[in-house]
Each structure stands twice: as C-alpha cells, then as structure tokens.
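Asker: Sequence and predicted structure are below.
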Amino acid sequence: MGFAYRIEERPEEIITYRDALWRTMHDALARDPDVIIMGQGVDDHKGIFGSTTGLAETFGRERVFDVPLAEDGMTGVALGAALGGLYPIQTHIRCDFALLAINQLVNMVAKYRYMFGGRFRVPMLVRTVIGRSWGQGAQHSQSPQALFAHVPGLTVVLPSSADSILETYGTLISRRQVPVVSLEHRLLYDVAFRIPVPALEWPQAPLGSILRRRGRHVTVVATSILVLEALRAAEHLSQAAGIEVEVIDLHCASHPDREMILASVARTGRLLVADTSWCAYGVAAEICRLVCEHDPSALRAPVVTIGMAAAPCPTAKTLEDLYYPSLHRLTDEIAVLARGRAKHGVELPAEASMADVYKKFKGPF
Amino acid sequence: MGFAYRIEERPEEIITYRDALWRTMHDALARDPDVIIMGQGVDDHKGIFGSTTGLAETFGRERVFDVPLAEDGMTGVALGAALGGLYPIQTHIRCDFALLAINQLVNMVAKYRYMFGGRFRVPMLVRTVIGRSWGQGAQHSQSPQALFAHVPGLTVVLPSSADSILETYGTLISRRQVPVVSLEHRLLYDVAFRIPVPALEWPQAPLGSILRRRGRHVTVVATSILVLEALRAAEHLSQAAGIEVEVIDLHCASHPDREMILASVARTGRLLVADTSWCAYGVAAEICRLVCEHDPSALRAPVVTIGMAAAPCPTAKTLEDLYYPSLHRLTDEIAVLARGRAKHGVELPAEASMADVYKKFKGPF
Amino acid sequence: MTFADEREQLLYATLRIRRVEEHIARIYPDDCIQSPVHLSLGQEAVAVGTCAPLARTDMVFGTYRSHAFYLAKGGSLREMMAELFGKATGCAGGKAGSMHLTAPEVGFMGSSAVVASTIPNAVGAAFAARRRRTNAIVVGVFGDGATEEGVYHESLNFAALHRLPVLFLCENNEFAVHSPRSARQSYDITEHARSFGIAAKRCGAGFDPEVVRDAVAEAVLALRSGAGPRFIECATYRYAEHVGIGDDHQIGYRPLATCNEWRARDPLLNSRACLERFEAPIAAEIEDAVAFAEASPWPTPDALLRDVA
Amino acid sequence: MTFADEREQLLYATLRIRRVEEHIARIYPDDCIQSPVHLSLGQEAVAVGTCAPLARTDMVFGTYRSHAFYLAKGGSLREMMAELFGKATGCAGGKAGSMHLTAPEVGFMGSSAVVASTIPNAVGAAFAARRRRTNAIVVGVFGDGATEEGVYHESLNFAALHRLPVLFLCENNEFAVHSPRSARQSYDITEHARSFGIAAKRCGAGFDPEVVRDAVAEAVLALRSGAGPRFIECATYRYAEHVGIGDDHQIGYRPLATCNEWRARDPLLNSRACLERFEAPIAAEIEDAVAFAEASPWPTPDALLRDVA
Ligand SMILES: Cc1ncc(C[n+]2csc(CCOP(=O)(O)OP(=O)(O)O)c2C)c(N)n1
Ligand SMILES: Cc1ncc(C[n+]2csc(CCOP(=O)(O)OP(=O)(O)O)c2C)c(N)n1
Ligand SMILES: [Mg+2]
Ligand SMILES: [Mg+2]
C-alpha cells in the first residue's frame, strides 16, 4: 500500500477523458495487431463520442468495424475472437444496451475460464457508457455495475478520470488476462484532467481502489463522476467548515480495495457511499457488507448512501434533478454526518460546478 | 406487525412444494380466464417438475402452452399479453435462462408502468427454478435474485415453503398488480410442509419477510432453501447448546421487511445472512446496508455472510459440496457468532438432513 | 376540417405531423424541450398511411422515433407537446419525454428507446387480442436496424407459429444512425420475413400516405380474417439527422442526391398549393399545443417515486 | 488399428462413440458419474462425419450433448471419463462434467448448457482465424431448437455479412426436450438459413458417417477457399431420452415407429458382423478409461477458487 503504481512515466499534461480514451484505443491498436475494436458506430464520424474517431481509417476496417444491432451475438463473437487469439474491445454507447448481452457476459464470458478448468482465457474489454442527463429517460440512464460485479469472473471498472483510463485500460489491454466490463460516464468525456494526478495512494494493480484525498472526519467511497463531486464537496467543506473528507475512488466495483476502505473507516468512523446506480443491491450495499463483515463497531454513525432514486429515470428536468445525486445533496449529507446533526450550519456550495455540467449538457448523445 | 395475514382459511394438511405450485397454478387458471401459462415444456408429461402437469389438458392449449426457445422474445410476448389484459405466468426451468430475458425484464417490464407515467400495469409472474446440485455446473446453478432486485419496478420473491407459494402466488395472481420474478428452489419441490405453518409473524402483504422462529441470541436472515437449513440449525443449536436463533425468511428480496430485520438485530446484536447466491452485491450485502443505514451500533459482532463461493459452480461433487453452504457450516458459523469464539464447543449435527437431500438428488432435471 | 377526398385528408394528416416536427425543430434551441428528439421528417407518410385503416381499438407499438405514429394514431398533440416540455400534463406526466410517447386511449401502446424491444410486445398484445376475442389487430413498428436484433427473429417465429393478428411494419430508411444497411445486414428484409412463412410485401412509396394506406388496408383485412401475421417493408427517408434537429448530409455518410430524389417525390413538397389552406389551422393547433405545454405545471416531487411497482 | 477402407474407419469411430455412451449408460446408476448426461446415442454419425474432413487445428464448438463431437474431434477418452467422474484429471479438472467438455489441444473449443450460446463464439473464432490468417475453419454445432434463439439470427447475419469461414452444423433430431419442431418453429431451417445468403444444404442421412462426411467435406473446401459461411442441416435421431440414460418412447411424445425406421437404417445395427472385430479393442479402451477415471484423484479444495478471473 502507499506506493504509486505506474506502467510508464508520463509527462504532465492536461487531457480530457475523451482524449485519454482515444489515445488508449489508438495505442492499443498500434502496439498489438491482435487488438480489434468492434461496436455500433465505432467507425463513423462521431466515433463513440470521439473516443474512436479516425481509428478505422488509420488501422483499417478489418480491425475497427461497425457491427449489426446484435448486442448478445456480438459479445459472443467477441468471446470467440478472444479464444481465437484476438483482443476485442467492444463498445456500447449506452450501458443499457449491454443488458441485451447479459447471457454472453454472465453465462459465457464470466465462466469460460473456470468452467473449462482454466484451459482458456478470454481477455476482452467491453466499454459501456453511462448516459446520464438531458431527458435520457428510463432506458438510457442505467448504471449496471452491480449486475456485473455480482458475478464472479467479470472485472468491472468505473474510470473516474483521464488518469484512470490511461492507467487501467493501458494495463488491462497490454496484459490480456481477464474479461473487463467498463462503465464510462458520458459527462466525464468533456472534462479535462491534469495528469498524472498527484494520487495519494495508487493501487498496485489496475484493479483496486484509489485514495483520492485524505481526511479525518468522514470517509466517502464514490464511483465514476461522483468521485469528482465528492472531491468538490470535500474541497468546499474543508474551506467552509474545516471538515476533512477522505475520498476513495472505488474504481473497480468487482475488486474494491477492502483494506483501504476499512482502514479509512476505522480512522473516520463515518462512511458515506455515493454511487451512480441504485443503492439496493448496489455499490452502497456492497461497501456496507465489507464494513459489516470486518468491524461494524468502527462506525460511529449510521452509513449514508447516495445513489439514483429508487425508480426508473424520469425525463422531466424537475424530476431528473431530484433523481440524481447532486453536489448540493452530497455536501449537505457529508456535513450532517460530520457534525452529527441535520442543522449543521455549514454553508452549502452555490449549485454550480458539476451540477452545471449536467444541466447544460444536451448531447451529442 | 404481528398479525397473521391470510387470504383464505385453509384446513391443516401436509403438502409438497410441488403440489402447492400445482394447486396454485390450477386455481389461478380455474378462477380467471385471463390467466395463461407459457413456457418451454409446460404442457409435457414432466410439466415443470410436476407443477403444471395436466393443466393443458384441463384448461386447453390456448391457455397452457409450450413456447419456442426464445426467452427474451417470450418475455416480451408476456409483457404485451399483460398489456392486452391477460395475466401471463411464464416459466423457466432454470433461473439461468431468465438471464437471456434481462432486456425485456429490466428495460421493459420493470419500467413499463413508470416510464409511461402510470398509464399501464404489467401484472405477470415469471417463475424460475434454482437448479442446484448433481453436477449442474456453472450455467445451471445460479440464483440471480440480486440482479432483479437491484432494479426498481420488479418484485422478486423466493418462496421457501408450500405455504409461501400458496399465500404469495395466490394473492399476487388474484390481485394482478405488479410484475413478479419468483425463484423456486428445485430441491424444495419434493419437500412436504405442514400448512398452515404456525407462523409467528406474517407479513401484511404477500411481499415482505416472514418471521419463522424467535430467538434471542442470533438473527439469521435466510432465503429460499436456506430458510429450512437455518431452521434445522436453529433447532439443533437450541437443543445442543441452548443457543436461540431467530430466523427471518427474507421471502421478498425486493421488499424486505426492514423493520422486522432491524428490530431483530436490535434484540440479538448478532446477524448472519444465508443466501442462495453470491455474497458480493447480493442479499448479504443488501441486508448489511439496511443495518448500516439504520443503526450499525446494534451489531455486537461482525456480520457473518454465507452464500455460494465466489466462483462459477464446479461440477465435481467434492468441489460442489464446498461451493454451497451446508447445514454443517451454517450451524458452525452461528455457534461461533453466538459464543464469540471459533472454539465454541458445540457439537455439530451429523451431516444429515437437507445436505442429504442435496447429495441424493439426481433429477429429474 | 372538411376534405375534398380521402387523399386530401391523408395529406392533411401528413402535413400536420410535418409542421409539428418542424416547429419542434424551431423551438428546440430554446431548451424548452429537454430531451433528445428523433424526428420523423420525411417518414410521416408511413405513419399516416399505416394508421389510416386502423380502428381506434387496434394497437400500435412504436420506437423512440414515434412523434408521427403517436399523432397518426390519434394521440393528443397538446399532451405530446407537454410531454416533450416535461410537464405534468404530458401524455406520461413528464416521465417519458420524446422517446416514450404513449396514448393507450387511442391504442398507441408505447414506444421504447431500446431498439426492437417493443416488437415482441406487439406480438403479445396480438396474442391477448385473439385470446380475448376483441377483434383488435396490432401493429409493431420498427426500423430496418431493428431486424438485426435476435428478438426480432423470435417475435416473427412466434407470431407466425400462432398465426397472430399482428402486422410487422418496417420503416426502412436504409440507415441505423450513420450505418448503411450494407454494413449490417446480409439479408433482404422482406425475403427474410417470408422465410418464416409470413406473407410479406414491399412498399416502395413510403412518401405517399395513400399508397401506404392501400398496402396496409389489404393487410389489415387479412389480419382481421385470422389469416396470420403480415409483414410490410416500407421504403422511406429520414430528412434530418438521426437524433437532433439538424441536417447531416454534409457529413457524407449519405449522399444529398438521394435526399433530393426523395424530396422530389414528397407530396408535401409537390402539392404545396393544394395544401395551402391547411397551413393556418395547423399552425393554430400547434400554437395552442405549445401554449398549453408552456402553461402547464411541472411534475411535483412526489411524482418521483410514484408508479414504480 | 488398420482399416479396409475409409468407410470402415468412419464406422469404427462411430461404433466407438456408441459403445462409450452405452457404457456410460450402464454405469450411470452406480452414481460414479455425478452430473446429468445428454447422450448422443443415434446421433454419433453426425459427429464422426463432420469431424472427419477437419484438420486438428480446425475448431468445433458444441453443446451440452457433446460426448460424440468431443470424441470425434479427437478428445481424450480418458480425460472425458475422468471429467464425468468429477476427477482432477478430467479435461476440465472436474469442473465441467458432461455438459462442458473441452479439448482445445485438438480444437474442441467448448460446449455450453445454455442453448445456442456457443454459436456466436464459433463465428468469433472464425473471425479471428481469418484475421490472423491461420487458415483454420470453425464448426458451430447446435440442435434444431437452438435455431429459435435470437442469437442464432444474429450469428448467421454477422457470419454471412463478413463471409467468415464458419460451418453452421444443425443436428436436427426434430425435438427440443419433448417438444416437436411443429410446436416451436414456423420456418424451414435450411430455407431460413438461405435467406441470409448462406449456402445451405440438407443431409437426410445423419445415420451414415460417410454421407455426412461427404457433405461436410464439400463445405470445408468452400470454406477454405474463402467463399463465406456454409450451413448443413443434418437429419438425425436421438435414441435415448433428452437427458439421462433411459428410453422414453413409452411416453408417447414421439412414436416408436419413427425410432424403428431410424434403427433400420443405422449402419452400426446393420453392419454388426463387419464391425465385430472392433468390439474387443473398443471395450478394452473403455475399460482403460474407466479405470483411469476411477484411479484418478478428486480435485483438491484449493481448486474451488482457482481460475475464476
Ligand atoms: C438495443 C439497442 N442497441 C443500440 C441502440 C442505439 N441506437 C439507437 S437508434 C439506433 C438505430 C436504429 O436503426 P433503425 O432500427 O433502422 O431505426 P431508425 O433510427 O432508422 O428509425 C441505434 C443503433 C439502441 N437504442 N438500442
Ligand atoms: C437458453 C436455454 N433455454 C432452455 C434450455 C433448456 N433446454 C436444454 S436442452 C433443450 C432442448 C434443445 O433442443 P435442441 O437445440 O434441438 O438440441 P437437442 O437437445 O435436441 O440436441 C432445452 C430447451 C437451455 N438449456 N438453454
Ligand atoms: Mg433505419
Ligand atoms: Mg433437437
């Protein structure tokens, strides 16, 4: 623990999540002729929100190709291609569509290695996009990490920054060991990150969790874009009220860093989980399990969980704004947890920052 | 809380889980001409392990019919039929096959009512069977309640007894309100139950949890066949060591009785969750969330969770026996929890009882 | 409104949808509609021609691109506009937006943003209609891309096997987002449907509501007589980009020439003069619907957790 | 083993599989095999005829009913028997049982208990083979019931679109468990496959390994030349019940007469005398395999969590 894991030294730069994706895709294709990218629209001018643009032209349409609307079949094709020696990167422009491929993912991909006694490996990367906001509605808004992470055999990541993309994808693709389902957040694509992030604690593998900020009052375990929200909330609370929030980027839903989380909770005694999906049977539940199985007495207050409201996603903006966790709510809940009372007296941030991104985002989808 | 919910008075009798299923199916067809049963093999001589045998002959092949191998399509057909005024009962002889229908179940069935602003209801019952034991292997052994219960809009039940079947199915079918996914345990089919069970506390609705046994030392929340295991373990521990175990039959994974569980944990301070699926992101995690969000200080010891090993299911009996929770292990873990030490000195039950059923079961599948 | 003949009536209905969507495109930049829109501009005649021979009690299941079918089947324009605006008076109380329009009171049963996913629902509704002897028929509407999904295969097989009163109506605009059919399909859509034993025909004139109507009317007759499912592949053309209000011919994934060919055959562009007298009433109706939407209240927070299960 | 001619060699291979499965049926009641078994009795010739023209590096993907294909492709009998016994020396270390046989060293790539689920895997492996210029071809084996699954449609389309070197081999035994095809399919399997532009043919003589071999050999030639996917529907008959070792003709879902017709054409039953000399060596081989399985160790507990991810 505590040492920075790096596959290669990189100069400092500012790069968007999208560009990090593009670079990772590009480099993977450039380095290894067995890498292929397959997905609806990967070769069109929009190129999965800019993450694959131009790659078909550079590397050829045999390696970067459009596929029919056939999510289950194409996942099965990817599995077969992996058995045949390729490293397939499959894309779904909405996570929701990956649900059509659950049979191949859960019954086949997750089990292929074990079921045949370790005689095969099926290294592949399934990239899916969480499609939050702008009236996307019930079927373009889900964040099914829990459905995948429940199933042994699948590695599930939720990269929250350009850094995570570069490190995690880079390593996973070059090592070619396991099947990975990744959930990328659509609203992160436009966000620019300074890299390398001065990470406090990097996992020793591309899996595991990342300690993003140290703090002694409250532990926040967050996923995906909520890591950014948590960091903003933490910054605000530190300045406005001297509340020091420790922020753990869960990063890998299937392989959370148990020790990191437990050690943090042992120090702070207060835990908030902020996840992009529903709380029931989700990340919120799983983190509670880790704590409960280890030492629930470390908790000096009930755990607070924040996620999507327990409903499908409505399209009306007034409801959508209530549906998703906001910076406002996150900050408020952390303050309540830290102070131990609802009337915590901490001034909340102006409803600006990320929430603004959500409000203003109108596509392209 | 505390009053017995009954839709109708029934004379005492002994009835198998299978016969309870058959009777429920029969009565539903007899009472309501809009009820249909559709599924692979529902009209053959095996009739879903005896739960639909002869019903096609009695009620006609327009109402009880075989379907093509097309799980997603048939679920979509059931949804459409529900919109058209029928009450479809769909069967999957293995839960694993319902994973092919996740798109219809999660993206459509679960959302149809909400997504259209409450203008539709899609009452239907999806019966799936947990196919444990006798070398069923990785793809015929899963218990995906968590995948369904994570998604708002689906009601998920795991009937653990003939009584649960009669009450829950009976009410759900006659009320025709919500879409329900049920997980029936194959090894319960042959088990006979005395009904009505002298239940200590029945839920006020067909949903919710059922208090099966009172005890002051340890709370066990169990699902499906593990309720029976837990009751046997409780009986044994009571007699052998004076350890009194409270057993809560979770019954409805999507709508657990929060108050019942929390009140029990508040009394005992010790919690063990025994579920038919994997612990991560499963029932074990969800129950921990309920406790953590309410009052983790009620826990006087770490929570113990028991489920399938974190792997696909192997077929070799030697491994399979380790893979699934056993009465032996359950009893041992409860004793450890109650006594607060691994060397608890409590004699374990002879490896008989349910474990025997598992060992001896060889089909029919 | 009075009409000289049926053709005029059909053209009126087509024009009305065109103007509604053009108006949507006009106001969309104001952000009053806070949800993605998949316009049917160019494809309206398919919806009008399909719904014309249907009874109110007949059912239609649509896709995310359903403004046209919703209106053609008789859905309220006011409620549609309010739905797009995210208002409580919308056809789904503001929970559906543009992609999930519904009007069960006139048989428009729902629409889905997951491609192909309402196709088996249409089949199931047809099963229920037959079993309950309602005499209703059902239309499942989908694009050419939807035929690639496995559930399409499963739906065709079941419908044909049970000889259900369902019409499969494929709006073939040759594209799925930016992908041409040649990059996605090895089969001919109509021939493939026939391999299931389904009587299938092609209608090349998806621009003409009357031609579509005639094709559908013939199928509807057969369906009502219990002759089993029918299939119609309607050639059509999407003028706007896949999602959003812009034109995208400059990108080059489809040639402007093709678009111009379709425009040349578009009766709404050719019969401008004869349709002139409908412009004012249509504009008034649209204005009224927008005013209704604007004046309507937002859904209240209690709606968030209502109607979940 | 020496053979008079190729036919004899094929019959020997077929007989060997028959005797292996008969032996399995014989010892099954002893519970030494602790997993459900789906026997290929009656269908062995399809596997033998299909695998005969294949190179070792060609790949086959199978189903839960794969004893025959596993053996025909060259999988070790010892390892298969050990696998059925749940032993560590099994082809999958005891984790697969009868339903998930595998022998990648001879190109038998895996088998699945979820109907139709290996079909796209075969297509993907063919994609990889073409891309990596290995010259290998791939066979996807499935039953008639599998053709009803959506993923089958998706697989055919993709394979045809990309002209992949994959042979779709349908073992049509007319039943899925107890359901006849007429209760499940509205289409003719071969005609339906043709609608994807796939060259498809029917082979009525699934009882004769030579006839099957010839049909497959022709397809393999075409596949190697890069002519795109091929399809063969092989008529066959399952003598035993769907799962388990019993006969189930007494139940009445299929007439004994049909069974007798198939038996009458079964060369293993007709050419008994010529095959006589193979009985002893086959019996010895089976005995050796069973002894191997019996003597092999159980998997150790550490295997439980090995090879998960
Ligand atoms: C299952 C699924 N896969 C992918 C998508 C993304 N997507 C949305 S619309 C569309 C194109 C569908 O094409 P088509 O069926 O021809 O309808 P059109 O848009 O042309 O009307 C795609 C791929 C989706 N919504 N659902
Ligand atoms: C997706 C799925 N649905 C249902 C089943 C249950 N099932 C097992 S075998 C079988 C019959 C398959 O028939 P067919 O493909 O013709 O193969 P056969 O058994 O005749 O060789 C069925 C329905 C399954 N294993 N997987
Ligand atoms: Mg299209
Ligand atoms: Mg068959």
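Answerer: Ah, there it is. Ligands and ions are numbered 1, 2, ... in the order given.

Asker: residue boundaries of the strands in chain C?
Answerer: For chain C, the strands defined by DSSP state E occupy C:59-63, C:108-112, C:138-143, C:166-172, C:175-176, C:179-180, C:199-203, C:230-235.

Asker: How about the stretch 251-365 of chain A?
Answerer: Per DSSP state E, counting those that start in this stretch, the stretch 251-365 of chain A carries strands over the ranges A:271-278, A:304-308.

Asker: Smallest distance to ligand 2 belongs to which residue of chain A?
Answerer: residue A:103 (7.4 Å; Cβ to the nearest ligand atom). In short, each C-beta sits where N, CA and C put it, glycine included.

Asker: give me the number of residues near that residue?
Answerer: The number of residues packed near residue A:103 is 31, by other Cβ atoms under 10 Å in any protein chain shown.

Asker: Go ahead and confirm it touches residue A:72.
Answerer: Yes: Residue A:103 is within contact range of residue A:72, at 5.7 Å (criterion: Cβ atoms under 8 Å).

Asker: helix/strand/coil for residue A:184?
Answerer: strand (DSSP: H, G, I helix; E, B strand; the rest coil).

Asker: Then the one 3 residues further on?
Answerer: Here residue A:187 is helix, with the state taken from three-state DSSP.

Asker: I figured it hits residue A:132, correct?
Answerer: Yes: if you go by Cβ under 8 Å, residue A:187 and residue A:132 touch, sitting 6.0 Å apart.

Asker: can you tell me which of the strands of chain C comes nearest to chain A?
Answerer: strand C:179-180 (5.2 Å; Cβ to the nearest Cβ).

Asker: The closest one vs chain A: in contact?
Answerer: Yes: Strand C:179-180 lies within reach of chain A by Cβ under 8 Å from any Cβ of the partner chain, at residue C:179.

Asker: Let me know the average pLDDT across that strand.
Answerer: Strand C:179-180 shows a mean pLDDT of 98.

Asker: The nearest residue to residue C:254 once chain neighbours are set aside: neighbour count?
Answerer: Distance criterion Cβ to Cβ, 6 or more residues apart in numbering or on different chains; nearest residue to residue C:254, sequence neighbours excluded, is residue C:175 at 6.7 Å. When neighbours are defined as other Cβ under 10 Å, residue C:175 has 19 of them.

Asker: Okay, and the beta partners of residue C:175?
Answerer: Beta-bridge partners of residue C:175, counted by DSSP bridges, are residue C:180.

Asker: To what extent is residue C:72 buried, counted in neighbours?
Answerer: Neighbours around residue C:72, by other Cβ under 10 Å: 28.

Asker: just residue A:57 next, same as before
Answerer: Neighbour tally, residue A:57, other Cβ under 10 Å: 10.

Asker: How about residue A:291?
Answerer: When neighbours are counted by other Cβ under 10 Å, residue A:291 comes out with 27.

Asker: show me what contacts the residue nearest to it when sequence neighbours are not counted?
Answerer: Spatial nearest neighbour of residue A:291, excluding adjacent residues (Cβ to Cβ, 6+ apart): residue A:265 at 5.8 Å. Residue A:265 sits next to A:219, A:271, A:291, A:298-299 when contact means Cβ atoms under 8 Å, 6 or more residues apart in numbering or on different chains.

Asker: Could you do residue C:189 as well?
Answerer: C:144, C:147, C:170, C:172, C:233.

Asker: Out of the residues you listed, grab the one that's most surrounded.
Answerer: Highest count within the contacts of residue C:189 by other Cβ under 10 Å belongs to residue C:147, 29 neighbours.

Asker: quick one: pLDDT of it?
Answerer: pLDDT at residue C:147 comes out at 98.

Asker: where's the nearest residue to it once chain neighbours are set aside relative to ligand 1, distance?
Answerer: Spatially, and ignoring its direct neighbours in sequence, residue C:147 is nearest to residue C:189 (5.6 Å; Cβ to Cβ, 6+ apart). From residue C:189 across to ligand 1, the span is 10 Å (Cβ to the nearest ligand atom, to the nearest Å).

Asker: ok, so of the contacts of residue A:265, who is nearest residue B:306?
Answerer: residue A:291 (17.8 Å; Cβ to Cβ).

Asker: Just confirm the closest one contacts residue A:264, I think it does.
Answerer: No: applying Cβ under 8 Å as the test, residue A:291 and residue A:264 come out as separate, 10.3 Å apart.

Asker: hmm, back to that, ok, the residue nearest to residue C:254 - contacts?
Answerer: C:144-145, C:181, C:238, C:242, C:253-254.

Asker: Next up, the contacts around residue C:211.
Answerer: Residue C:211 is in contact with C:49, C:203, C:205, counting by Cβ under 8 Å, 6+ apart.

Asker: tell me the secondary structure for the closest residue to ligand 1 within chain A?
Answerer: Distances between chain A and ligand 1 by Cβ to the nearest ligand atom are smallest at residue A:97, namely 4.3 Å. The three-state assignment at residue A:97 reads helix, by three-state DSSP.

Asker: Flag every residue of the stretch 201-309 of chain C that's near chain D.
Answerer: Listed as neighbours of chain D in the stretch 201-309 of chain C under the rule Cβ under 8 Å from any Cβ: no residues.

Asker: Contact residues of the stretch 201-309 of chain C facing chain A?
Answerer: Counting by Cβ under 8 Å from any Cβ, the stretch 201-309 of chain C sits next to chain A at C:243-244, C:251, C:253, C:298-299, C:301, C:303-305, C:308.

Asker: Can I get the residues you listed in JSON lines including distance to residue C:118 and neighbour count?
Answerer: Formatted as JSON lines, those follow (distance: Cβ to Cβ, whole Å; neighbours: other Cβ atoms under 10 Å in any protein chain shown):
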{"residue": "C:243", "distance to residue C:118": "18", "neighbour count": "18"}
{"residue": "C:244", "distance to residue C:118": "22", "neighbour count": "18"}
{"residue": "C:251", "distance to residue C:118": "29", "neighbour count": "13"}
{"residue": "C:253", "distance to residue C:118": "27", "neighbour count": "13"}
{"residue": "C:298", "distance to residue C:118": "28", "neighbour count": "15"}
{"residue": "C:299", "distance to residue C:118": "24", "neighbour count": "25"}
{"residue": "C:301", "distance to residue C:118": "30", "neighbour count": "11"}
{"residue": "C:303", "distance to residue C:118": "24", "neighbour count": "22"}
{"residue": "C:304", "distance to residue C:118": "25", "neighbour count": "21"}
{"residue": "C:305", "distance to residue C:118": "26", "neighbour count": "15"}
{"residue": "C:308", "distance to residue C:118": "21", "neighbour count": "18"}
